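Asks: Here is a sequence with its predicted model. Questions after.
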Amino acid sequence: MGHTLPHAADLSEGLVILDPGRTDLLLELDRTFSGWGRSAGAGEILAPPLYPVSDLERFDVYTNFPHLALVAARLDLADGGAKPADGVFPPSALTGAQVGLPHATCYSAFLYHRNTVVAPDTLTTLVNRCFRAEERYEGLRRLLSFQMREIVALGSFEHTQDVIGVFGERIAAFAEALSLKLDKVPAFDPFFQSDGGRALLQKLSPVKYEFQVGDLAISSVNTHRNFFGERCDIRLAHNDFAYSSCVAFGLERWLSVLLDLHGDDAAQALDAVRTAARQVS
């Protein structure tokens with residue numbers, strides 16, 4: 001299936017600078033979600049916002065999500081320099097793109113743990129910038145660059161399922177405390193190669209569930225089986241590849257639905273988040 005070229009969208013509509021009130025609200029949301037992870041024993045890591053394309057390619061990013069992918073390249077200065085024309089650098093002004101901008105945060109956790117042996121109950125949390133080449137952008141609901149907090153489980157399959165079970169329930173309870181009407185629905189992203197065994201399992205049993213407010217997914221829980229363990233050579237003590245799962249929070253999307261709920265009053269929404277966070281911990 002073809003995709004509209006990314007530059008068809010107005011990129012300026014996909015980039016926002018949050019004012020102080022919205023920034024306070026987003027940071028409070030992130031403190032809440034990261035606190036859930038830390039209280040469950042997650043170690044926090046800090047990751048760069050981009051990676052060599054070879055690292056992202058090992059996860060089939062450019063096979064399964066080419067329509068979302070963004071890459072960056074150096075300017076070709078062989079002829080003395082280049083300037084954009086009408087807001088665009090022509091391909092001839094660029095060298096080969098060696099770095100890619102990830103569309104999800106959890107990749108960083110697997111790259112961090114690659115070539116290691118992990119405990120069967122390993123838990124990691126991180127927040128990072130994500131980048132998506134969408135066909136259209138829409139306020140805080142659909143951005144070119146946004147922040148995603150994730151809690152990533154690595155280890156035994158039972159551990160990965162326990163984590164998404166516990167945090168799935170936590171998300172539902174938090175939304176209820178916030179008076180957000182949340183629906184949990186299966187999703188079918190083309191995460192695994194379509195001709196692979198994992199893709200068949202995904203069709204038989206969903207491995208991703210989204211938590212939606214209206215038609216907007218604000219969080220998700222994802223089961224990867226041992227895909228990332230294999231691709232990054234992450235193993236358990238008995239030498240089997242580690243299983244993984246993750247819980248994701250799209251921070252600007254949470255911000256969007258809370259501002260809608262509170263009539264665009266960020267201070268009122270902030271009070272509601274703090275109250276709900278005290279109730280759900």
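Replies: It's in.

Asks: ok, and the closest non-adjacent residue to the spatially most central residue of the chain?
Replies: Centroid-nearest residue in the chain, with Cα atoms, centre = their mean: Ala104, separated by 3.3 Å. Leaving out its chain neighbours, the residue that sits closest to Ala104 by Cβ to Cβ, 6 or more residues apart in numbering is Cys130, at 6.0 Å. Where you see a C-beta, it was placed from the backbone N, CA and C, and this is true even at glycine.

Asks: so the one you found sits right up against Cys106, yeah?
Replies: No - taking contacts as Cβ atoms under 8 Å, Cys130 lies outside contact range of Cys106: 10.1 Å.

Asks: wouldn't Val53 be in contact with Tyr62 here?
Replies: Yes - under the criterion of Cβ under 8 Å, Val53 lies in contact with Tyr62, with a separation of 7.5 Å.

Asks: and the residue nearest to Ala104, how many neighbours?
Replies: In terms of burial, Cys130 registers 24 neighbours under the definition other Cβ atoms under 10 Å.

Asks: That one and Ala69, how far apart?
Replies: Between Cys130 and Ala69 the distance is 12 Å, computed by Cβ to Cβ, to the nearest Å.

Asks: so what sits against both of the two?
Replies: Where contact means Cβ atoms under 8 Å, 6 or more residues apart in numbering, the residues bridging Cys130 and Ala69 through contact with each are His103.

Asks: pLDDT on stretch 224-238, on average?
Replies: Averaged across stretch 224-238, the pLDDT comes to 96.

Asks: likewise stretch 152-166?
Replies: Summarised as a single mean, pLDDT over stretch 152-166 is 97.

Asks: before we move on, the earlier item: what's near enough to touch the residue nearest to the centre of the chain?
Replies: Residues in contact with Ala104 (Cβ under 8 Å, 6+ apart) are 130, 148, 150, 248.

Asks: which SS class is it?
Replies: coil (DSSP: H, G, I helix; E, B strand; the rest coil).

Asks: can you pick the most crowded of the contacts of Ala104?
Replies: Counting by other Cβ under 10 Å, Glu150 has the largest number of neighbours within the contacts of Ala104, with 26 neighbours.

Asks: Name the helix or strand for that one, please.
Replies: Secondary structure from DSSP states H and E places Glu150 in strand 145-155.

Asks: counting contacts, what elements does that strand pack onto?
Replies: helix 20-39, helix 107-113, strand 121-131, helix 157-177, strand 243-250, helix 251-261 (3 or more Cβ pairs under 8 Å, 6 or more residues apart in numbering; DSSP states H and E).
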